[in-house]
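> starting from these lines, generate the structure:
(chains A and B)
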Amino acid sequence: MNIFKKTIFSVLLSLLVMGNVNADKIRIGTEGAYPPWNSKNEAGKLIGFEVELAYTLCRYIGQQCVIVEQDWDGMIPALIMRKFDAIMAGMSITAERQKAISFSQGYADEVASLAVMKGSSLEGLDTSAGINLTKPNAAAKKDLKTLTAALAGKTVCVQTATIHQNFLDSGDVGKVNVRTYKTQDEVNLDLASGRCDAALAAAVAFSDYAEKSGKPVVLTGPTFSGGAFGNGVGVGIRKDDTELLKKFNAAINKARKNGDISRIATKWFGFDASM
Amino acid sequence: MDLELMINSFPKLLSAAVITLKLLSVSLIIGLLIGLFFAILRLNKSLFINRFAYGYSYVFRGTPLLVQIFIIYFGLGQIEYLRSTVLWVILKEPYWCAIIAFALNTGAYTSEILRSAFQTITPGIIEAGKSLGISNKVIFYKIQIPIAIRQSLPAYGNEIILMMKGTSLASTVTIMDLTGVAKYIISTTFKPIEVFIVAGGIYLFMTFIIHNVIKFLEKKYSFN
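Residues are numbered from 1 along each chain as shown, chains lettered A, B, ... in the order given. You can find the predicted model right below:
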């Protein structure tokens, strides 16, 4: 009986100690399903641009970090409920999200694009290479018209709670049939199966899928930035956590100056997506 | 607590509950037919037919409904040959994939419920029919089936409620049912507690109605 009590006591004690150890670590939430931003390798370990960048930023902050996995659709609620202290999950800085949380300065640029299967009628749309929706110029407006006509009645698939969903819901490209999925993987699967006429996500998410699966996925139309697509990807932090926000902003400045962000971005994206 | 959000999301969630009820009723009707068919097969004396029917219910009761939906929706969608057949017209639609999964799932449970109900019918009742010169067919339709349905009402009522909750998995294959719309509202407001409380309340209300309808039927068709 005495041994039994001792065991319980030591287990409880170690739980207590573990809790304390975690208390001064910064917990960073990521999805682990949006390569090359963040994903998991075969062993189930979190990898990707943001995982590596998170550890780098924490070194500059001078605090230890734990990276926590969280489904995308519960990311912001989980931050607010203090399941972790910061989000680094390819999350673009948008006005809508800023109503709920704050963001650090941007650390990388996400460029969104439509993708279709090779041979689709939507392939090779006659548009400019890229448009910015913050203050759309004449060319951008013309492209939106082209897209509105091309996408009328089509099914466009996106991951739920993303800037891509927000853009399609905004009505900038008219009334399209929007289908939302829990993960980008599922979007890719249904694009390949033909259930989706087109899909909208980060351009790199499609090129990564095409490369790994060998499926003939091609980008079409202009690349999108600004407006509903936000202004770069930043670290999401609770509004009342101004201390941590300052720390991350300072760390991003240092990492940028030392070329760390460029180096890590080039390693994972194949080009310099830093900002 | 954001009361305003709860009030604003209520009508949207209510109209999404119509989709949930649609999914539920269509799969229950198909599932009941499947269940009755397999229950009759289970009563067959041929070992092969019996094993086949048992195998069906074993597989669909022994695997999670979510896995079944994923296999039918994402799994079958990966088979290139299937996409060139007529079947793809149905399998392309998330709605029908969900109905197929739900109907096969509830069909498996229903077949077990009906089988055990058939087996509780005492031989004396059937013999009484025979001694009156009624044909086997008429005995089956006019005596065995009505008794079996009455016997299975409580268990089947449970199955309806379980299935109603199961339809929430339709949201995983892009269907905008009650759970799907709730998730959609959360994706723009980031307030899961408020929205899920309202959605949960609507589910609870539907359970309340189903529960009372079954209770009423049980009373109406009681043997006493």
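> helices of the chain, start to end?
Picking chain A for this. Using DSSP state H, the helices assigned to chain A run over residues A:2-23, A:49-61, A:75-80, A:95-98, A:138-151, A:163-169, A:184-193, A:203-213, A:242-257, A:260-269.
> look at chain B instead
B:3-42, B:47-61, B:65-70, B:76-77, B:80-83, B:87-91, B:94-119, B:123-131, B:136-138, B:145-166, B:178-189, B:192-220.
> and of the ones you listed, who's closest to A:Lys254?
A:Lys254 lies closest, by C-beta to C-beta, to one member of the helices of chain B: helix B:178-189, at 34.0 Å. (Glycine included, C-beta is placed from N, CA and C.)
> for A:Arg195, phi and psi?
phi -70, psi -30 (degrees, to the nearest 10).
> thinking again about what came up before, any chance of the helices of chain A in JSON lines, plus mean pLDDT, mean neighbour count and distance to chain B?
As requested, the helices of chain A are exported to JSON lines (pLDDT from 0 to 100; neighbours: other C-beta atoms under 10 Å in any protein chain shown; distance: least, C-beta to the nearest C-beta, whole Å):
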{"stretch": "helix A:2-23", "mean pLDDT": "62", "mean neighbour count": "9", "distance to chain B": "24"}
{"stretch": "helix A:49-61", "mean pLDDT": "97", "mean neighbour count": "21", "distance to chain B": "20"}
{"stretch": "helix A:75-80", "mean pLDDT": "96", "mean neighbour count": "21", "distance to chain B": "4"}
{"stretch": "helix A:95-98", "mean pLDDT": "92", "mean neighbour count": "15", "distance to chain B": "7"}
{"stretch": "helix A:138-151", "mean pLDDT": "95", "mean neighbour count": "17", "distance to chain B": "17"}
{"stretch": "helix A:163-169", "mean pLDDT": "95", "mean neighbour count": "23", "distance to chain B": "7"}
{"stretch": "helix A:184-193", "mean pLDDT": "95", "mean neighbour count": "23", "distance to chain B": "4"}
{"stretch": "helix A:203-213", "mean pLDDT": "94", "mean neighbour count": "19", "distance to chain B": "11"}
{"stretch": "helix A:242-257", "mean pLDDT": "97", "mean neighbour count": "17", "distance to chain B": "18"}
{"stretch": "helix A:260-269", "mean pLDDT": "96", "mean neighbour count": "19", "distance to chain B": "26"}
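> so which of those is nearest B:Thr188?
Across those, B:Thr188 has its closest neighbour in helix A:95-98 (6.8 Å, C-beta to C-beta).
> distance from that closest one to the middle of the chain?
From the chain centre to the centre of helix A:95-98 is a distance of 15 Å (C-alpha atoms, centre = their mean, to the nearest Å).
> phi, psi for A:Asn41 please.
Torsion angles, degrees, to the nearest 10, at A:Asn41: phi -90, psi -180.
> ok, it to chain B distance?
22 Å (C-beta to the nearest C-beta, to the nearest Å).
> distance of that residue relative to A:Pro35?
Distance, A:Asn41 to A:Pro35, using C-beta to C-beta, to the nearest Å: 10 Å.
> could you check which of those two is surrounded by more residues?
When A:Asn41 and A:Pro35 are compared for neighbours, A:Pro35 comes out ahead with 22 against 10, by other C-beta atoms under 10 Å in any protein chain shown.
> what stretches of chain B score poorly on pLDDT?
B:224 (pLDDT under 70).
> which bits of it sit near chain A?
When proximity is defined as C-beta under 8 Å from any C-beta of the partner chain, chain B approaches chain A at B:74, B:77-78, B:83, B:92, B:94, B:172, B:174, B:183-184, B:186-188, B:190-192.
> one more pass at 6 Å, please.
Within chain B, the residues that sit near chain A (C-beta under 6 Å from any C-beta of the partner chain) are B:Phe74, B:Gly77, B:Lys92, B:Thr174, B:Ser187, B:Phe190, B:Pro192.
> these: which two are farthest apart?
Going by C-beta to C-beta, the pair spanning these furthest: B:Lys92 and B:Phe190, at 32.7 Å.
> out of those two, which sits in the more crowded spot?
Taking other C-beta under 10 Å, B:Lys92 and B:Phe190 do not tie; B:Phe190 has more neighbours (21 against 16).
> the longest strand seen in chain A: partners in the sheet, and parallel or antiparallel?
Taking DSSP state E as the assignment, the strand of chain A that covers the most residues is strand A:217-225. Using DSSP bridges, the strands paired with strand A:217-225 in its sheet are strand A:112-117 (antiparallel), strand A:130-132 (parallel).
> tell me the average confidence for that strand?
Averaging pLDDT along strand A:217-225 gives 95.
> list the buried ones in it?
Of the residues in strand A:217-225, A:Val217, A:Val218, A:Thr220, A:Gly221, A:Pro222, A:Thr223, A:Phe224, A:Ser225 count as buried by neighbour count, 16 or more other C-beta atoms under 10 Å in any protein chain shown.
> count of residues packed around A:Ala89?
Using other C-beta under 10 Å, the number of residues around A:Ala89 comes to 25.
> give the contact list for it.
By C-beta atoms under 6 Å, 6 or more residues apart in numbering or on different chains, A:Ala89 lies in contact with A:Thr30, A:Glu31, A:Met75.
> same question for B:Leu91.
B:Leu76.
> what's the burial count for residue 110?
Since no chain was named, I'll use chain A. For A:Glu110, the number of neighbouring residues by other C-beta under 10 Å comes to 24.
> actually chain B
Applying other C-beta under 10 Å, we find 28 residues neighbouring B:Thr110.
> what about the closest residue in space to it that isn't next to it in sequence, neighbour count?
Closest residue in space to B:Thr110, ignoring its immediate chain neighbours: B:Gly35 at 2.7 Å, by C-beta to C-beta, 6 or more residues apart in numbering or on different chains. Applying other C-beta under 10 Å, we find 26 residues neighbouring B:Gly35.
> go on, the one 4 residues further on?
When neighbours are counted by other C-beta under 10 Å, B:Ala39 registers 24.
> pretty sure it is touching B:Ile113, no?
No: counting by C-beta atoms under 6 Å, B:Ala39 stays clear of B:Ile113, with 8.0 Å between them.
> ok, A:Lys182 to B:Thr174 distance?
9 Å.
> more neighbours: the two, which one.
Shown here are A:Lys182 and B:Thr174; by other C-beta under 10 Å, B:Thr174 has more neighbours (25 against 19).
> what's the pLDDT at A:Gly74?
We have a pLDDT of 92 for A:Gly74.
> which residues sit in contact with the residue most central in space within chain A?
Centroid check for chain A by C-alpha atoms, centre = their mean gives A:Gly90 as the closest residue, at 2.2 Å. Residues in contact with A:Gly90 (C-beta under 6 Å, 6+ apart) are A:Tyr34, A:Trp37, A:Val233.
> many thanks, we can stop here.
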